[in-house]
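Asks: Take this sequence and fold it.
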Amino acid sequence: MVNILFCGNDKVFDGMLTCALSIMKRSESKEPYRFFVYTMDVSHLRADFLPVSGEQITFFSEVIKSYNPANEVELIDVSDIYAAEFAGCPNETAYCSPYTLIRLFADIVAGMPDKLLYLDADVLFNRDIHLLYDRDIEGYEYAAAREHYGKFLVRPDYINAGMLLLNIPEIKKTGLLRKARELIKTKKLMFADQDAVFRSTTRKMLLPQRFNDQKFLHKHTVLRHFSKRLFWFPYPHTANIKQWHVTKVHKVFGYDQFDDILYEYIYLIEKFNREVKK
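Replies: I've put the predicted structure just below:
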């Protein structure tokens, strides 16, 4: 069983769907996938901070089971854990949203497997997931790739937390996530959870950039991360183009490698909006 973790509110649905499609379309193994989805209701902070819905999870389950009936998804509400750990903390107004913080609960949510692949919703697999997931991380807290800009601006080993291959027993032994939560509760950090994980690390496995490529797509790229990036032309600016922005993926990036994934996504999201969301 391949164990995958997503975190977020109802707006991560497009990312969950496209990412799951990329996993199943790019991987040859018939081994089933188990998706965990951490979510919460913090609409008291902002009206649109709403949890992933039951309707979204039911539809997601139907999609993944169409590829393999043994695939599973579990929705986990971490509202109570968040309230106890982070309510009113200095990083509650994090650079993205409070939902970036909830991956830090992976060691205290009951029933988590020993090996867990955390993924931001804005990623697509370009090659087989087992090139990443099958890495031996014994003795390491996690495996991650460098942050594209941070490796120049912060430190050469600064990581991007959008992909973390977690070794939960080792994390519990070293207290990595416990220490990261303490930092979140006591110190304002520029990149919140990412900085907290980096500062709390005892031993990490640094992977080549192709396992979390935040700027380019090469033939050898395993995971393409559609994070905010800098463009120089026609003038210096940043843009936050996600994989579900299909027209921009074609026009700005010039990608057609993901067309089989994105065209199925378009069909599915239209079906969801028509038959379920209404």
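
Asks: Find the residue at the geometric middle of the protein.
Replies: Most central residue of the chain, judged by C-alpha distance to the mean C-alpha position with CA atoms, centre = their mean, is Asp120 at 1.5 Å.

Asks: Name the nearest residue to that residue, ignoring sequence neighbours.
Replies: With CB to CB, 6 or more residues apart in numbering as the criterion, Asp120 has its nearest non-adjacent residue at 3.8 Å, and that residue is Gly162. (Each C-beta comes from the backbone N, C-alpha and C, glycine too.)

Asks: The one you found and Leu117: what is the separation?
Replies: 11 Å (CB to CB, to the nearest Å).

Asks: got it, and Cys96?
Replies: If you go by CB to CB, the gap between Cys96 and Leu117 works out to 20 Å.

Asks: and what of His44?
Replies: The gap separating His44 from Leu117 is 31 Å, by CB to CB.

Asks: So for those two, which sits in the more crowded spot?
Replies: Neighbour comparison, His44 and Leu117: the larger count goes to Leu117, with 21 against 8 (by other CB atoms under 10 Å).

Asks: What backbone torsions are found at that one?
Replies: In this entry, Leu117 is assigned phi and psi values of phi -100, psi 110 (degrees, to the nearest 10).

Asks: Same check on Lys188?
Replies: Dihedral angles of Lys188 (phi, psi; degrees, to the nearest 10) stand at phi -70, psi 120.

Asks: picking that back up, surely the residue nearest to Asp120 and His225 touch.
Replies: Yes - Gly162 lies in contact with His225 (CB atoms under 8 Å); the separation is 5.2 Å.

Asks: Looking at the protein, name the residue that lies furthest from the middle.
Replies: For the chain, the residue at maximal distance from the C-alpha centroid (CA atoms, centre = their mean) is Pro234, at 30.4 Å.

Asks: which residues does it contact?
Replies: Applying CB atoms under 8 Å, 6 or more residues apart in numbering to Pro234 gives no contacts.

Asks: Identify the bridge partners of Leu207.
Replies: Beta-bridge pairing of Leu207 under DSSP bridges involves Ala145.

Asks: All set, thanks.
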